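K.L.:
give the three-dimensional model of this entry:
(one chain, ligands or ions: 2)
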Amino acid sequence: MIDIVALYSELASLSKTEQQQRLLPLRQVYREQVLALEKMLSVDDTPLSSSQLLSQQYANHSPFSQDELIGQQVMGFTITQLISNAGGMGLVFLGEQRLENHDTGYIKIHKAAIKILRTNRLNTQQQKAVFYNEASILMTLDHPNVCSIYGVSEVLGHACIVMDYIDGHGLDVWLDNNKFNQIQRFNLFEQLLRAVSYLHGEDLFHGDLKPQNIIINDQGHLVLIDLGLASKYKQKISEDDNHTQDVIQAFTRHWSAPEQVAGHACTAQSDVFSLGMMLHFLLTGSVVANGKVSMLKSTELNAIINKAILNQPDRRYTNAESFRQSINIYQQGMPVAEYSQSGSYQLHKLLKRKPFTSLACVLFVYSVATSLWIVFH
Ligand SMILES: Nc1ncnc2c1ncn2[C@@H]1O[C@H](COP(=O)(O)OP(=O)(O)O)[C@@H](O)[C@H]1O
Ligand SMILES: [Mg+2]
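P.N.:
Ligands and ions are numbered 1, 2, ... in the order given. Sure, this is the predicted structure:
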């Protein structure tokens with residue numbers, strides 16, 4: 001298998017001729033991936049500052065009419081309706097493919113989400129680069145909690161990503177509409193941690209974790225979407241990455257880590273910050289106000305979230321997996337080191353967790369001590 005994300009970054013810095021030379025030996029074996037890469041590379045990633053991007057984003061000029069797209073065909077799917085025009089990068093449409101069983105006459109409808117880049121060819125090339133970054137990253141991933149992609153294509157001259165349609169609602173809408181107990185909320189967070197752990201295991205960070213980029217279906221299954229700002233975090237920070245930082249700065253101010261807002265290098269620990277904010281949001285329905293959490297009933301949970309949202313990235317959990325382990329420790333009733341490391345707290349946790357065993361131990365120690373006292377006196 002070729003690593004499309006690494007290859008895309010490598011090729012992006014080469015000239016057209018060098019790109020062709022590099023792709024030539026791969027063309028035979030990885031035909032489809034090479035074709036997709038060529039499509040992605042055909043963009044001119046002229047740098048654009050965050051302020052320019054922001055003004056492009058909110059100018060809200062749609063170069064195409066949405067009606068024009070209804071009925072169009074993409075990768076065997078017919079575009080049937082607009083799902084969302086809320087995102088900065090693209091309009092998302094529903095695509096349907098009707099599969100008829102000739103024996104039974106039964107028609108099965110297969111759905112896809114089709115994200116179409118807002119801009120036309122004359123508009124920002126940098127947005128295109130971010131858009132194709134999403135496609136190239138999604139192509140390499142395979143996890144039940146991360147949206148999978150069918151391919152990249154074009155419709156009426158506009159670039160589009162065709163992906164799995166997740167029939168559900170954004171986390172924010174979901175929390176508004178439903179009443180959940182703590183266990184269900186932790187279950188959702190566990191799924192989110194699994195998705196982000198998977199990305200971190202691939203040396204990727206998501207870069208835009210927020211409730212709108214998380215969809216939950218009616219069965220409570222969570223799927224992470226919108227990987228346009230995701231990047232390989234172990235790469236050397238090059239000048240090109242600075243442009244990506246610009247983009248991140250422009251799009252995620254509310255949920256993102258301080259280093260991200262400041263436009264500095266991001267790592268898995270930048271996602272950990274957003275995850276901490278998200279856990280607070282999941283448990284309380286509100287965002288963290290003054291950079292510190294103290295309102296939750298559980299003081300241990302306060303300590304866990306506070307560690308995740310520390311200002312210095314290297315003092316947070318290393319990645320989503322270590323955050324997950326800490327949550328698991330809390331759920332199992334084990335002592336949470338972030339909260340306290342004192343002996344009395346450890347004993348208190350032990351007594352709560354295993355009252356009978358602890359009582360037996362205390363009685364045993366007591367009887368040994370009493371016997372010794374009798375023997376020596
Ligand atoms: N695969 C999908 N299935 C269902 N809805 C989706 C899917 N992808 C995106 N959406 C909807 O479209 C919105 C915008 O998509 P997103 O990928 O976040 O775009 P942007 O990069 O513009 O923020 C999402 O918040 C969600 O409501
Ligand atoms: Mg989004």
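
K.L.:
how about the backbone phi and psi for the residue nearest to I70 when sequence neighbours are not counted?
P.N.:
Leaving aside its sequence neighbours, I70 sits nearest to I79 (C-beta to C-beta, 6 or more residues apart in numbering; 5.7 Å). C-beta: built from backbone N, CA, C; applies to glycine. Taking degrees, to the nearest 10, you get phi -70, psi 120 for the backbone angles of I79.

K.L.:
go on, the one 5 residues further on?
P.N.:
The phi and psi values for S84, taken as degrees, to the nearest 10, are phi -150, psi 130.

K.L.:
do the same with the one 10 residues further on
P.N.:
Its backbone dihedrals place L94 at phi -90, psi 130, with angles given as degrees, to the nearest 10.

K.L.:
also the one 4 residues further on?
P.N.:
In this entry, R98 is assigned phi and psi values of phi -100, psi 120 (degrees, to the nearest 10).

K.L.:
so what sits opposite the residue nearest to I70 in the bridge?
P.N.:
G95 (DSSP bridges).

K.L.:
tell me which residue of this protein lies closest to ligand 2.
P.N.:
Closest residue of the chain to ligand 2, C-beta to the ion: D226 (3.8 Å).

K.L.:
tell me the mean pLDDT for stretch 345-361?
P.N.:
Per-residue pLDDT values over stretch 345-361 give a mean of 75.

K.L.:
how about the nearest residue to W255 once chain neighbours are set aside, what does it touch?
P.N.:
Spatial nearest neighbour of W255, excluding adjacent residues (C-beta to C-beta, 6+ apart): K210 at 4.3 Å. Each residue near K210 by C-beta atoms under 8 Å, 6 or more residues apart in numbering is listed here: 252, 254-255, 274, 278.

K.L.:
burial of the residue nearest to I70, as a residue count?
P.N.:
I79 has 23 neighbouring residues, counting by other C-beta atoms under 10 Å.

K.L.:
was I right about it contacting V92?
P.N.:
No: I79 is not in contact with V92 according to C-beta atoms under 8 Å; the separation is 10.6 Å.

K.L.:
and for these two, which residues touch both?
P.N.:
Joint contacts of I79 and V92 (C-beta under 8 Å, 6+ apart) are I114.

K.L.:
Provide the backbone phi and psi angles at A112.
P.N.:
Torsion angles, degrees, to the nearest 10, at A112: phi -140, psi 150.

K.L.:
that one touches G95, doesn't it?
P.N.:
Yes: using C-beta under 8 Å, A112 is in contact with G95, at 4.1 Å.

K.L.:
what's the first helix or strand after the worst-scoring helix or strand of the chain on mean pLDDT?
P.N.:
Using mean pLDDT, DSSP states H and E, the weakest-scoring helix or strand in the chain turns out to be helix 50-59, at a mean of 40. Following helix 50-59 in sequence order, the next helix or strand is helix 66-69 (DSSP states H and E).

K.L.:
helix, strand or coil for the residue of the chain closest to ligand 2?
P.N.:
When classified by DSSP: H, G, I helix; E, B strand; the rest coil, D226 comes out as coil.

K.L.:
contacting residues for it?
P.N.:
Neighbours of D226 in contact, by C-beta under 8 Å, 6+ apart: 87, 89, 134, 208, 212-213.

K.L.:
can I get those residues in JSON lines including pLDDT?
P.N.:
Listed next are those as JSON lines, based on pLDDT from 0 to 100:
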{"residue": "G87", "pLDDT": "67"}
{"residue": "M89", "pLDDT": "70"}
{"residue": "E134", "pLDDT": "84"}
{"residue": "D208", "pLDDT": "90"}
{"residue": "Q212", "pLDDT": "91"}
{"residue": "N213", "pLDDT": "94"}
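
K.L.:
which of those fall in helices?
P.N.:
Residues of these located in helices (DSSP state H): E134.

K.L.:
touching, Q81 and L94? I think so.
P.N.:
Yes: Q81 is within contact range of L94, at 5.0 Å (criterion: C-beta under 8 Å).

K.L.:
more neighbours, those two?
P.N.:
Neighbour comparison, Q81 and L94: the larger count goes to L94, with 19 against 11 (by other C-beta under 10 Å).

K.L.:
what residues are up against that one?
P.N.:
L94 sits next to 79-83, 111-114, 165 when contact means C-beta under 8 Å, 6+ apart.

K.L.:
look up the pLDDT of it for me, please.
P.N.:
97.

K.L.:
ligand 1 contacts on the stretch 51-200 of the chain?
P.N.:
For the stretch 51-200 of the chain, the contact set with ligand 1 under C-beta under 6 Å from any ligand atom comprises 83-84, 86-90, 92, 113, 115, 147, 163-166, 170.
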